[in-house]
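Enquirer: using only what follows, build the 3D model:
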Amino acid sequence: MKQITFLLKEEIDAMFTQIFDTHSHYTDSAFDQDRDEVLRRLPEQGIVHAVLAGTTIADSAQGIGLTDRYDYLYAAVGIHPETAGQEPADHLAQLAEMAKHPKVVAIGEIGLDYHYEGYDREAQIQLLREQLDLAKQLDLPVIIHARDCTEDYLRILTEFRPRGVVHCFSGSAETARQVLTLGMYIGFTGVLTFKNAKKSLKALAVVPEDKLLLETDCPYMAPVPFRGKRCDSAMIPYTAEAAALVLGTDTQTILEQTCRNGERLFGIPAVSQ
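Expert: Purely as a prediction, here's the structure:
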């Protein structure tokens, strides 16, 4: 595989357009000091859309508030598996009400996370199933979080067969094929640029161009050469550069393809190229 020759940030800012960050967390406290400054700047750096993924009822509502202030932002509403068992009794009614907002394009992020001991797996499974059912009722795609839970999440997705994306994909090429068989999209983060990304790069190689999405999961998962720093959507071209090397194309082509894919999945009007 060719070595990634990372461009300077100034070159990234000037060169690329049609950037769609399909999974971000601009409500995170990491942006409390300069959130508006960052969000005002992103369109000047080639970002045409970004989806804010909700993790709790409050976080989902805050994300919707940001979409009212920035035209290019869209929201997903949902409850993350890490907080399963802590949701209010009327959480589904609250999510359904929020989903009426015209800038809400998905239910998410929802899923399973078995990484840490102490998480209530049964509560996570119940919460996931409830939210998948809600998404079907509302005819909305889902954003799936899946960590260390391959067998269970594939079993449940096979049962519900939702439209949507498995975000921040960290599974094998074989798992990617199983997700694709369900008709779902697969989202990749800056992990593609890491030195230990061999597994992710092999998974990327089996994803058809029309099922590929790019995301930051910001403020997390900053790509090399920013690894360990706060991430934002302007860093996606570094991830696209890594993907382009695997897929035998160029960075701008990857950005344009993944932008069209995201618009199609989330029902967002296309921007002119």
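
Enquirer: what ranges of the stretch 101-250 of the chain fall below the confidence cut-off?
Expert: Along the stretch 101-250 of the chain, no part satisfies pLDDT under 70.

Enquirer: SS state for the residue nearest to residue 111 when sequence neighbours are not counted?
Expert: Among residues not flanking residue 111 along the chain, residue 145 sits closest, at 3.5 Å (Cβ to Cβ, 6 or more residues apart in numbering). For glycine as for every other residue, the C-beta is placed from the backbone atoms N, C-alpha and C. Assigned by DSSP: H, G, I helix; E, B strand; the rest coil, the conformation of residue 145 is strand.

Enquirer: hmm, residue 145 is touching residue 113, no?
Expert: Yes. Here residue 145 reaches residue 113: they are 6.3 Å apart, a contact under Cβ atoms under 8 Å.

Enquirer: list residues touching both of the two?
Expert: 80, 81 (Cβ atoms under 8 Å, 6 or more residues apart in numbering).

Enquirer: where do the helices sit along the stretch 51-200 of the chain?
Expert: Secondary structure of the stretch 51-200 of the chain (DSSP state H, counting those that start in this stretch): helices at 57-69, 91-98, 121-138, 150-160, 173-181, 198-205.

Enquirer: any chance of JSON lines for those helices, columns distance to residue 236?
Expert: Converted to JSON lines, the helices of the stretch 51-200 of the chain look like this (distance: least, Cβ to Cβ, whole Å):
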{"stretch": "helix 57-69", "distance to residue 236": "18"}
{"stretch": "helix 91-98", "distance to residue 236": "27"}
{"stretch": "helix 121-138", "distance to residue 236": "26"}
{"stretch": "helix 150-160", "distance to residue 236": "25"}
{"stretch": "helix 173-181", "distance to residue 236": "20"}
{"stretch": "helix 198-205", "distance to residue 236": "15"}
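
Enquirer: to residue 211, which of those helices lies closest?
Expert: Closest approach to residue 211 among these (Cβ to Cβ): helix 173-181, 6.0 Å.

Enquirer: and that closest one, what other elements does it pack with?
Expert: The elements that helix 173-181 packs onto, with contact taken as 3 or more Cβ pairs under 8 Å, 6 or more residues apart in numbering; DSSP states H and E, are helix 150-160, strand 185-188, helix 198-205.

Enquirer: how about a cut-off of 7 Å?
Expert: If you count contacts as 3 or more Cβ pairs under 7 Å, 6 or more residues apart in numbering; DSSP states H and E, helix 173-181 packs onto helix 198-205.

Enquirer: contacts for the helix it packs on next, please.
Expert: With contact meaning Cβ atoms under 7 Å, 6 or more residues apart in numbering, helix 198-205 is reached by 169, 170, 171, 172, 173, 176, 188, 191, 192, 243, 246.

Enquirer: ok, those vs residue 220, which is closest?
Expert: Nearest member of the contacts of helix 198-205 to residue 220, counting by Cβ to Cβ, is residue 191, at 10.1 Å.

Enquirer: what's the separation between that closest one and residue 214?
Expert: According to Cβ to Cβ, to the nearest Å, residue 191 and residue 214 sit 11 Å apart.

Enquirer: ok so, going back, let's have the helices of the stretch 51-200 of the chain in CSV, adding mean neighbour count and distance to residue 28.
Expert: Below are the helices of the stretch 51-200 of the chain laid out as CSV (neighbours: other Cβ atoms under 10 Å; distance: least, Cβ to Cβ, whole Å):
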stretch, mean neighbour count, distance to residue 28
helix 57-69, 18, 9
helix 91-98, 17, 19
helix 121-138, 18, 21
helix 150-160, 16, 24
helix 173-181, 16, 26
helix 198-205, 17, 23
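
Enquirer: residue 268 is nearest to which of those?
Expert: Going by Cβ to Cβ, the one of the helices of the stretch 51-200 of the chain nearest residue 268 is helix 57-69, 11.5 Å.

Enquirer: ok, residue 153 - contacts?
Expert: Taking Cβ under 7 Å, 6+ apart, one finds 111, 112, 144, 146 in contact with residue 153.

Enquirer: what about the first one, how many residues nearby?
Expert: Just to be clear, that refers to residue 111. Neighbourhood size, residue 111 [other Cβ atoms under 10 Å]: 28.
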